[in-house]
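Chemist: quick one: sequence plus predicted model below, questions after.
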Amino acid sequence: MHELSLVKSLLQQVEPYQDRPIKKVVLEVGTMTCVDPERLVFCFDMVKEEAGLSDVNLQINMQQAIAKCQQCEREFKLQQLGQPCECGSYHYTIGTGRDLNLIEIEFNDV
Ligand SMILES: [Zn+2]
């Protein structure tokens, strides 16, 4: 249950802000993290009540993974691992797209 452990660490990150009513939490998920966004939301919905976050919506923004080819030095969108660069090379480094970040917490105005 990869997603559930991610949700638990997300809850830990959100916890210090819970003295104000939270409306929305925005996550940025890289396409190379192997995280299924639907599962992530599902897990979040499962635990949010217990965490005192029943009114919180989880929004997930997917971040396209970008790789840089070591052969032709071009940057390209990496759709999946094992995909070659346009020049045919498999030697590239993945820049963005491997992280899962909490990027925004939106509060309800009281
Ligand atoms: Zn290349």
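Modeler: Arrived safely, thanks for sending. What you see is a predicted model; the values in this text were computed from it and never measured.
Chemist: what ranges do the strands span in the protein?
Modeler: Assigned by DSSP state E, the chain shows strands spanning 22-30, 57-63, 66-69, 75-77, 92-94, 100-107.
Chemist: could I get these as JSON lines with mean pLDDT and mean neighbour count?
Modeler: (C-beta placed from N, C-alpha, C; glycine too.) Below are the strands of the chain laid out as JSON lines (pLDDT from 0 to 100; neighbours: other Cβ atoms under 10 Å):
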{"stretch": "strand 22-30", "mean pLDDT": "96", "mean neighbour count": "18"}
{"stretch": "strand 57-63", "mean pLDDT": "96", "mean neighbour count": "16"}
{"stretch": "strand 66-69", "mean pLDDT": "96", "mean neighbour count": "18"}
{"stretch": "strand 75-77", "mean pLDDT": "96", "mean neighbour count": "14"}
{"stretch": "strand 92-94", "mean pLDDT": "95", "mean neighbour count": "15"}
{"stretch": "strand 100-107", "mean pLDDT": "96", "mean neighbour count": "13"}
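Chemist: contacts for stretch 47-67, please.
Modeler: Residues outside stretch 47-67 that contact it (Cβ atoms under 8 Å, 6 or more residues apart in numbering) are 4, 7-8, 11, 14, 18, 21-32, 37, 40-41, 44-45, 75-79, 85, 92-99, 103, 108.
Chemist: distance to Glu50 for the strands of the chain - can I get that in a markdown table?
Modeler: Output for these, formatted as a markdown table (distance: least, Cβ to Cβ, whole Å):
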| stretch | distance to Glu50 |
| --- | --- |
| strand 22-30 | 15 |
| strand 57-63 | 15 |
| strand 66-69 | 37 |
| strand 75-77 | 38 |
| strand 92-94 | 35 |
| strand 100-107 | 19 |
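Chemist: looking at those, which is nearest to the ion?
Modeler: Checking the strands of the chain against the ion by Cβ to the ion gives strand 66-69 as the closest, at 3.1 Å.
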